[in-house]
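> Here is my input; please provide its structure:
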Amino acid sequence: MVTGAAGSLGLASTEQMLVEGAKVLLVDRTNPQLTEAVQPLAKYSDRFALCAANVSDAVETRKYLDAAVNTFGKVDILFSNAGISGVVAPIAQYPDELFDQVMAVNVRASFLAIKYAQPLMNDGGSIIVTSSVVGVTSDPGICAYATSKHAVIGLVRTAAKELAGRNIRVNVVAPGPIDNSFQKNIEDGITEATGHDGTKLLDSIIPLHRHAKAEEVAKMVLFLASNESSFSTGSVFMADGGMHV
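Here you go, the predicted model:
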């Protein structure tokens, strides 16, 4: 299962898994989003299914989990990837309701996914949750996003210890800036807040001096989903071009 599957990282990760022979349920907010996103994956159409769901809602979470099991059987891999960025604003000016929304999508959704997926998963499976470089760092103006991305690391470390007895591994992938529309929204906020080009500013502080391609981060997700990472759990795997160093 892949949530946030219509976004660039979710879609690239889905494709990597399909290439390796997986069957995938793609989850995102609306069916039109999903239908448009999966057009490049048409040749794998016998091995994926779509489910629109509000991932921050418990009933909707159980809906997409049941859809996965009913379509393909018990689950081996859960990639909890759905997320929103909020706005760039100082804590004193950050909208209360937007802070709550960011926490709901970025943290509560992963909590619900891990909680309700457990009984539907095969022993020896893998859970991956998307955090961010700002899950281990932060900057002014991103209190909601940074808080949420720190929080999922704590969630993953707890789940890793709880599920170790079933050999279900739980890890974090923490990307830096990816060249996609999600990141552009963040950088537009940085540009507005600072008066400097947000994209160029980030490239200047990334040691590799560029944004990632979604496919590059997806390879990390595939590694964590596979048995190649069989002795890794409770860990944070950075894919940030050295930005956190």
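> Helices along the chain, start to end?
Taking DSSP state H as the criterion, the chain contains helices spanning 8-19, 31-37, 58-72, 96-103, 109-117, 143-163, 181-194, 198-205, 214-225.
> so what does the fourth one touch, helix or strand wise?
It stands for helix 96-103. Taking 3 or more CB pairs under 8 Å, 6 or more residues apart in numbering; DSSP states H and E as the contact definition, the neighbouring helices and strands of helix 96-103 are helix 143-163. Backbone N, C-alpha and C define where each C-beta goes, glycine included.
> So which bits of the helix it packs on are buried?
Neighbour-count burial for helix 143-163, with 16 or more other CB atoms under 10 Å as criterion, is recorded at 143-153, 155-157, 159-160, 163.
> before we move on, back to that, now for the helices of the chain, which one comes closest to residue 45?
Of all those, helix 8-19 sits nearest to residue 45, with 9.9 Å by CB to CB.
> tell me the angle that closest one makes with helix 181-194.
Orientation note: helix 8-19 sits at an angle of 160 degrees relative to helix 181-194 (axes from the mean of the first three to the mean of the last three CA atoms, to 10 degrees).
> And helix 8-19, how far out from the chain middle?
Averaging C-alpha coordinates over helix 8-19 and over its chain gives two centres that are 12 Å apart (CA atoms, centre = their mean, to the nearest Å).
> now the angle between helix 214-225 and that helix, please.
Here helix 8-19 runs at 60 degrees with respect to helix 214-225, directions being taken by the same axes, to 10 degrees.
> can you list contacts of helix 8-19?
By CB atoms under 8 Å, 6 or more residues apart in numbering, the surrounding residues in contact with helix 8-19 are 2-5, 24, 26, 28, 37-38, 40-41, 44, 47-48, 77, 79, 81-82, 130, 175, 178, 180-182, 214-215, 217-219, 221-222, 225.
> Buried among these? Need that as a selection in ChimeraX.
A single ChimeraX command suffices to select whichever of the contacts of helix 8-19 are buried according to 16+ other CB under 10 Å:
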select :2,3,4,5,24,26,28,37,38,41,44,48,77,79,81,82,130,175,178,180,182,214,217,218,221,222,225
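> Of the helices of the chain, which shows the lowest average pLDDT?
The stretch with the lowest mean pLDDT among these is helix 181-194, which comes in at a mean of 74.
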